[in-house]
Each structure stands twice: as structure tokens, then as C-alpha cells.
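Student: Sharing a model prediction with you, sequence too.
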Amino acid sequence: MRKIAIVGSPNVGKSVLFNNLTGSYATVSNYPGTTVEVSRGKARIGEEEFEVIDTPGMYSLLCITEEEMVARKILWDEKPAVILHVIDGKNLERMLPLTLQFLEAGLSVVLVLNIMDEAERQGIKIDSQRLEKELAIPVVEAVSTTGKGMDVLRGRIEEYARIKP
Amino acid sequence: MPGLSPKKVGYSDTLEIYLARLEELLKAKDYKISKRSLELLILQEDKEILELVKEKEDVNFNLIENLIKETKANYAQPVSYIISLRRQQEASLIASRVMSFGKSPAVSIQERISRIMMNPFTGGPILLFVLYYGLYKFVGTFGAGFLVDFIENKVFGNYINPWAIKAVAKILPIPFLQDLLVGEYGIITLGVRYAFAIILPVVATFFFAFAIVEDTGYLPRLAMLVDQLFKKLGLSGRAVIPLVLGFGCDTMATMVTRTLPTKRERIIATLLLALAIPCSAQMGVILALLEGRPLALVAWLGVIIFVFLIVGYLAAKIMPGELPTFYMEIPPLRLPQFSNILRKTASRLSWYFKEIFPLFIFASFLIWLGQISGIFNVLVKILQHPMRWLGLPDKAAVAFLFGFFRRDYGAAGLYDLKKAGLLSGNQLAVSCITLTLFLPCIAQLMMNVKERGLRIGIAMSIFILFFSFSIGYLVNFVLTILNISL
């Protein structure tokens, strides 16, 4: 079964997104040899069933904490077909460097601009089509707590995963 | 998009040359990530990666190490900094192209409240308001007063204790073992009762109040408010959480110092908790003691705050270490959800109880041992001398010794003395100050040793022992010299 990894810094709504994608069935276990917990679940997207992994929060590929090491290991060892980089939309500028690192690492990234409701309330607008062109990866706006943008996200994952061998 | 090649960050010419040279040296094929990512991590000396490379490139590894050194020699700052800086430039450039900041809507009510909370002039009174209603009224009066009274006197006094005493008397006919279980300081009559009748209601009300404060988003704002002050004490705003928790229970708060990033901060916070933060059980009794003596109350409060500041300041000066850095995201203010607060309170309570309960059983075992061996009587005799230096009656010694086993119990002992009319205003102030500063309760002592290690835990306790009595002596001395009666 191919895998989808959800990555990003802490407090951007990764777990809520994970629950949205997988429904309620998830197994939580310590990553082997660590005290870090990782949740795994299944999601049917289009015709295909994926294993979805909710990784611990990370700020950079250059790891400092045990959580970051685990997140990085998952990206390398488990070779996810798609990774969803979840960021807090209103902090785009501060969170983009991690996206750039994922791209350097040759990973297939879908960028999820989450918490867009708070961004809008602060008067922040993001031209996600333009951003898509700048980065040349799919960009999806979402509000994971209300489920807004989830259908679009599923569609983008499906189309992305189809092109990838 | 799929098919197109995704955005790549280009680095400075110098760095790109080193990256290219590094690529020549990497011969192994089976790395799991892209060569570029791998090279960048090597130049930033990622430990895990270097080990991996060493394993795979044994012949070339020396050359790779030399190349890293050569790269580093080009820059005054760490290579990781140079690389992050460049990436951030690229990120900022992209962000500036796609983000627009509409007219930021008029400052919302939340934002206005948030600013008021963080402003030094308006934030102070708000803090006092939260402390008064959350801590004094709800935890102190309702939890430590009403609930404790109900569980201790009604539930334990009328039902559990008499029943346990009878049951043990039947099963265990050996008197000194009976004492261990149900005597005046027995495991059931003191240890279990203490845990369930005094700690449980106080801590439950405290956790409840704390969860409300936490879920509104007040804590990070409080942290910002006191950050500047705390920096002078070698701490940062982050220490607000354990210190505020200390007003509930110092033992638990000591455990929570784990969240502080450096060892130095953890030691300073542990010391301040042990010395100058009275727990809710103790504060209830102290406030009752000083009731009707406003001058003594002011003296007590003034000395405790002074000690908190001066000891923190000196500890920060004496202990070497980096200045704490403090960076905290300020989440928006929110109305807390009741179900969430209940869940938080319940999960913290069960976690806390698992850690604390064995300590209470052990403490009543120690008291039993002290009684049966006569050590207690000797200690009371010894303690009478410092009592005299403080200008206190000999009888206060018992209160102080018990204060060590149960902070609030010590204060309660003083309460009996006050009711008997044996203490003047000065004596009340001096004894409350000394008892607040005095050694933490035995559960906290054990927690200090558990968290900070035997050496620091013991050293801290000895310091507190001498310090508390010296301050008590000093206050008494000053009051006497200046001929002040509180």
C-alpha cells in the first residue's frame, strides 16, 4: 500500500487534517526505539487506498529534537508517495523554507495552506495559483477544523499520485 | 506542477562550488534522499547524516571532512545559518509575490483585551484579579476551605477512619503495626487521608481553574507580561507556568519545571518554588492566621515578594549560564470549552495522583518511624532554640517540625497558638514568614531530589533551612530595634 505522510511544524493542524482524511480508525504507537508517538490510519482517495502517517512536528530537515529525527526518518525510510506539507497560511513566509527543503530532498509535496479562516480574518490573502506556479507543486487552501478544502485536497492528491509511478 | 520540475533554491557561487565538489566525493548510490539535500546536510554537519556517510564512503570520508572544514573557513557564521538565511530570502521573495495584506480590520475586541493583558500598567491589576478570584476565592476558600472540611471531617472523620481503625484492630493485634496503619500519623489515617481529603480537593479545584485560564490563552500573555522581570531572575516568561502552578501545589510545580529548557532555569525555578511560593493549602491557613492583622499581612507579603526577587536575582548572578531565550507564539484569546476543561482536569489529576500518592504513603511511614524511635522528640527540643532566636514561644517548634511533613499542618499548629492568644502581631508575622520560606513539605523535598538529583536537592534544602530562619531572625530583629508592633 502506498503511503501519504503529513508533515509540518507543530500547531498547524496536522492531526485534525489526519483525522479528516482517515476517519476515526487510527493506530498510535511509539516509533521503534523512541518515545515519540506516530499515528497511522487508512484513507481511500479515488480508487486507491493509502496508509496515512501523521508525523511529529518539525521545523527543519536539519534535526534538533527527537521528534524531528523521527519525522525525517519516516520521510526517508518509508518513501511516501505524496507528502502533505501543512502550514499556517498566515505565517507563509516563515514556513516556506521547510517546503523548499522538502523540494530540495526530491519529495513529492502538496502544500496545504491551513487555518485560512484566521488568515482571512486578519485581512491576509494568498494567491494560491500564483504560489503554485512559483513552486511548481500543488497548493491547496484549507480550514481543517471545518473540513473546508478537503475535497480539493483529495482531488489534488489523486491526480498527483496518478502521475507518480 | 506534476511534470514540471519544482522550485529549487540556488545558493551563493561559493557554496554551490563546494556542493559540486562534495557531489564528486559521494560515491555510494543507495542514499534515500536526493544528493543535493544530502550534500547540504553534510555541510551543516548533521550528526546522523555524517555517521551514515562515514559508513558508506569509508575511503573518501577524510576528504569529505576536509571539504567541510574548508567550507566553514569561508564564513564567520555557521554554515547552517548561511544556508537558512538564503532559503529564507527565497521564501520571503515568494511570499511577497503571493501574499497581500488587506486593510487590517479595525482592532478586534480580542486584540484589545489581549493588549490590555500584556501592558504592564493594566496587566498587573488583571493578574491580581485572576489570582484573587481564581486562586484565593475558588481554590483557597472553596477547595481548601469548604471541600477539604467536608471530605476530611465528614467523610474521613465520621466514616473511613473509625471504620479503618476498627478493622485494623481486629486483623492486626500488634499495637505498633496498628500505629503504622491507623495511628495518629498512620498510612491510612494520615497518608491516605491527606492525599484524598486535602490534596485531592485543593489540586482538583486548582487544575480546574488552571485549565480555564490556560484555555482562554491568558498564560502566554502573562508570560509576555513578566518576561522582562523574570529575565533578571535568570528565568524567562516560560517559567510562569510552573510558578503559577506552585500556588496550587509546589510539589507538582517542581515536576513541571521539566518544561524549562535549561538546567539552570530548572534549578532557579525549583529553588524559588521551594522558598517563596506558598502552596494553596498553606496559603489558606496563613491568610486565616493573619486575618485581622493587616499590618502583619503586609509585612508577610512584602518580605516574601522581596525574598522571591532577591534570591532569584542572586541565584541568576551566582549560577553561570546563558541568558534564557524566550520565544512564544501568542495564540488568539478564545472562550474555553467546558468539556475540554473537564477532560484536561481529569487527565492531569490522574497523572498527578499516580506520581504523588506513593510519596504520601512514604511520608507517613517516615513520621511513624520518627515517633516510634523518639527522633521526633529530640528534633522538637533542638528546634526550640531557633524558636527563641525568632522571639517565638517554645511550642511553635512542634508546628515547625510538622510543617516539614505537611506545610499547612505547621501553619495549622500556629493557628491553635494564635487562638490561645500566645502570639503577638510581630510573632505572627515572623512565624508566617519563616514558615512560608521554611523547608518545603516532605513530598516536595522528595520531588526536589527526584528531579534535581540528590546533591542539588539536599544542598537546596540546607540552604532553605538556614535562610528561612535567618530572615525570620532578621525581621524580628528589625521590628524589635525599631520598636514596631504589628
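Tutor: Alright, I've got the coordinates.

Student: Report the secondary structure state of the residue nearest to residue B:260 when sequence neighbours are not counted.
Tutor: Distances taken as CB to CB, 6 or more residues apart in numbering or on different chains place residue B:266 nearest to residue B:260, at 4.9 Å, with adjacent residues excluded. Glycine gets a C-beta too; all of them are placed from N, C-alpha and C. Taking DSSP: H, G, I helix; E, B strand; the rest coil as the rule, one finds residue B:266 in the helix state.

Student: distance of residue B:266 from chain A?
Tutor: 18 Å (CB to the nearest CB, to the nearest Å).

Student: what helices or strands is the one helix or strand residue B:473 maps to leaning on?
Tutor: Assessed by DSSP states H and E, residue B:473 sits inside helix B:454-481. Counting contacts by 3 or more CB pairs under 8 Å, 6 or more residues apart in numbering or on different chains; DSSP states H and E, helix B:454-481 packs against helix B:263-276, helix B:294-318, helix B:375-389, helix B:425-437, helix B:442-452.

Student: ok so, going back, what is the burial count for the residue nearest to residue B:260?
Tutor: Residues lying near residue B:266 (other CB atoms under 10 Å in any protein chain shown) number 21.

Student: and it, what does it touch?
Tutor: B:257, B:258, B:260, B:451, B:452 (CB atoms under 8 Å, 6 or more residues apart in numbering or on different chains).

Student: didn't the last one look like it was pressed against residue B:269?
Tutor: No: taking CB atoms under 8 Å as the contact criterion, residue B:452 and residue B:269 are not neighbours in contact, 10.3 Å apart.

Student: Can you pick out the residue with more neighbours from those two?
Tutor: Comparing residue B:452 with residue B:269 by other CB under 10 Å, the one with more neighbours is residue B:269, at 29 against 20.

Student: and the nearest residue to the more buried one once chain neighbours are set aside, what pLDDT?
Tutor: Nearest residue to residue B:269 in three dimensions, chain neighbours excluded: residue B:257, at 4.7 Å (CB to CB, 6+ apart). The model reports residue B:257 with a pLDDT of 87.

Student: three-state assignment of residue B:257?
Tutor: Applying three-state DSSP: residue B:257 is helix.

Student: Please verify my assumption that it contacts residue B:273.
Tutor: Yes: the pair residue B:257 and residue B:273 qualifies as a contact (CB under 8 Å) at a distance of 7.5 Å.

Student: picking that back up, avg pLDDT for the helix holding residue B:473?
Tutor: 91.

Student: One more: stretch B:126-141?
Tutor: Here the average pLDDT along stretch B:126-141 is 83.

Student: now do stretch A:140-147
Tutor: Here the average pLDDT along stretch A:140-147 is 87.

Student: Could you list the single helix or strand in the chain with the lowest mean pLDDT?
Tutor: Using chain A. The helix or strand of chain A with the lowest confidence, counting by mean pLDDT, DSSP states H and E, is strand A:26-30 at a mean of 75.

Student: you looked at the wrong chain, it should be chain B
Tutor: Going by mean pLDDT, DSSP H and E, chain B bottoms out at helix B:407-419, a mean of 69.

Student: What confidence value was assigned to residue B:329?
Tutor: On the pLDDT scale, residue B:329 gets 65.

Student: hang on, the earlier thing: what sits in contact with each of residue B:257 and residue B:273?
Tutor: With CB under 8 Å, 6+ apart as the test, residue B:257 and residue B:273 both reach residue B:242.

Student: which ones are touching residue 83?
Tutor: No chain was given, so I picked chain A. Residue A:83 sits in contact with A:4, A:5, A:6, A:7, A:75, A:102, A:107, A:108, A:109, A:110, where contact means CB under 8 Å, 6+ apart.

Student: Not quite, go with chain B.
Tutor: Going by CB under 8 Å, 6+ apart, residue B:83 touches B:11, B:15, B:40, B:43, B:44.

Student: Thank you kindly, that will do.
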